[in-house]
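**Q** sequence first, predicted coordinates after that:
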Amino acid sequence: MAKVYHMWGKANCPYCTKAQAELTERKLTHTFYIMDEKLEALNEIKEAHSWPTVPLIISEDENGVQTFIGGYTDLHEKLTAEDT
């Protein structure tokens with residue numbers, strides 16, 4: 001099983017849209033949790049990872065080990081680095 005990406009964000013967030021587009025274009029398995037109506041839960045997730053903005057992206061490997069990535073820019077840099 002390949003790596004899976006989990007992303008929490010808001011429906012009208014431009015960086016959330018960019019992150020989802022990049023994951024889709026690269027054909028990477030991902031789930032986008034739209035949290036517009038779950039702001040309390042979103043704030044708990046952000047606090048747990050000390051991350052102030054959305055999107056908040058985590059990768060999960062085949063063993064279930066989760067790695068915090070950050071936001072769109074962090075995701076883009078990580079995926080670009082993996083290409084080289």
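**A** Great, that's in hand.
**Q** which strand residues bridge the spatially most central residue of the chain?
**A** By CA atoms, centre = their mean, the chain has its centre lying nearest to residue 57, at 2.2 Å. Beta-bridge pairing for residue 57 (DSSP bridges): residue 7, residue 70.
**Q** list the buried ones in stretch 61-69?
**A** residue 69 (16 or more other CB atoms under 10 Å). All C-beta atoms are positioned from the backbone trio N, CA, C, and that covers glycine.
**Q** tell me where the protein has helices.
**A** 14-25, 39-48, 72-83 (DSSP state H).
**Q** hey, which of the ones you listed is tucked in deepest?
**A** Highest mean neighbour count of the helices of the chain: helix 14-25, a mean of 16 (counted as mean count of other CB atoms under 10 Å).
**Q** dump that one to PDB, restricted to CA.
**A** Written as PDB, here are the backbone C-alpha positions of helix 14-25 (Å, rounded to 0.1, in the frame of the first residue of the first chain):
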ATOM      1  CA  PRO A  14      -7.100  28.700  -2.100                       C
ATOM      2  CA  TYR A  15      -4.100  26.900  -0.500                       C
ATOM      3  CA  CYS A  16      -6.400  23.900   0.300                       C
ATOM      4  CA  THR A  17      -7.500  23.900  -3.400                       C
ATOM      5  CA  LYS A  18      -3.900  24.000  -4.500                       C
ATOM      6  CA  ALA A  19      -2.900  21.200  -2.200                       C
ATOM      7  CA  GLN A  20      -5.800  19.000  -3.300                       C
ATOM      8  CA  ALA A  21      -5.000  19.700  -7.000                       C
ATOM      9  CA  GLU A  22      -1.300  18.800  -6.500                       C
ATOM     10  CA  LEU A  23      -2.200  15.500  -4.800                       C
ATOM     11  CA  THR A  24      -4.700  14.700  -7.500                       C
ATOM     12  CA  GLU A  25      -2.400  15.600 -10.400                       C
END
